[in-house]
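1. Okay, structure incoming, though there's no sequence with it:
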């Protein structure tokens, strides 16, 4: 995941006159559901951290370096926020007008401020072989999509606090 922002998360409780404290409302529960497109079988559910953000990671099939696409849940919707691409290898490039490309300081680049809503708050991915190892990392949780469903179409969906996507 990218470095933390200077301010992040809920505001601390506020102390009012008379010593009464108000606590912020808890953030709505959010999770990702990974299911097989063909059968609808749920392979995994991942509770998202606070703030609700996660990355899809994989190793480039030719160069072997790790690529990441990182998302946030904003107002109950899935948004692609930034990507890290360590090289301009085959199939990896910045599309002008879609985010802002900056150096990662190690010869690669980060595309920030993509801020692209994902239609239907879900997308379909076909995880590659284990050498590529498509994974999802959310906080301290990391799962391998390739290990669960190599070469099968999986749906990655943001699930709201009511269990609906």
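-> The structure has been received and is ready for your questions. Just so we're clear, the structure is a prediction, and the values are computed from it rather than from any experiment. Numbering: from 1, shown residues only.

2. Please identify the buried residues of stretch 49-68?
-> For stretch 49-68, a neighbour-count test (16 or more other Cβ atoms under 10 Å) marks 49, 51-60, 65-68 as buried. C-beta here means a position set from N, CA and C on the backbone, and glycine is covered the same way.

3. In the chain, where is pLDDT below threshold?
-> Along the chain, segments meeting pLDDT under 70 span 1-28, 87-97, 161-165.

4. before we move on, back to that, which two from the buried residues of stretch 49-68 end up farthest apart in space?
-> 51 and 60 (28.1 Å; Cβ to Cβ).

5. just to revisit the earlier point, from the buried residues of stretch 49-68, pick the one nearest residue 115.
-> Checking these one by one against residue 115 (Cβ to Cβ), the nearest turns out to be residue 53, at 13.0 Å.

6. Verify the contact between the closest one and residue 74 for me.
-> No - applying Cβ atoms under 8 Å, one finds residue 53 not in contact with residue 74, separated by 9.7 Å.

7. Name the surrounding residues that touch stretch 108-118.
-> By Cβ atoms under 8 Å, 6 or more residues apart in numbering, the residues outside stretch 108-118 that reach it are 2, 65, 71, 77-87, 94, 98-104, 158.

8. which residue ranges form the strands in this protein?
-> Remark: strands assigned in the chain by DSSP state E are 14-15, 21-22, 31-36, 42-47, 53-59, 66-74, 77-85, 100-103, 109-112, 116-117, 122-125, 135-138, 141-144, 154-159.

9. Okay, buried residues for the fourth one please.
-> Residues of strand 42-47 classed as buried under the neighbour-count rule (16+ other Cβ under 10 Å) are 44, 46.

10. tell me the angle of it relative to strand 31-36?
-> 170 degrees (axes from the mean of the first three to the mean of the last three Cα atoms, to 10 degrees).

11. strands paired with strand 42-47, and their directions?
-> Partner strands and pairing direction for strand 42-47 (DSSP bridges) are strand 31-36 (antiparallel).

12. what about burial for the contacts of stretch 108-118, which qualify?
-> If we count by 16+ other Cβ under 10 Å, the contacts of stretch 108-118 have these buried: 65, 71, 78-86, 94, 99, 101, 158.
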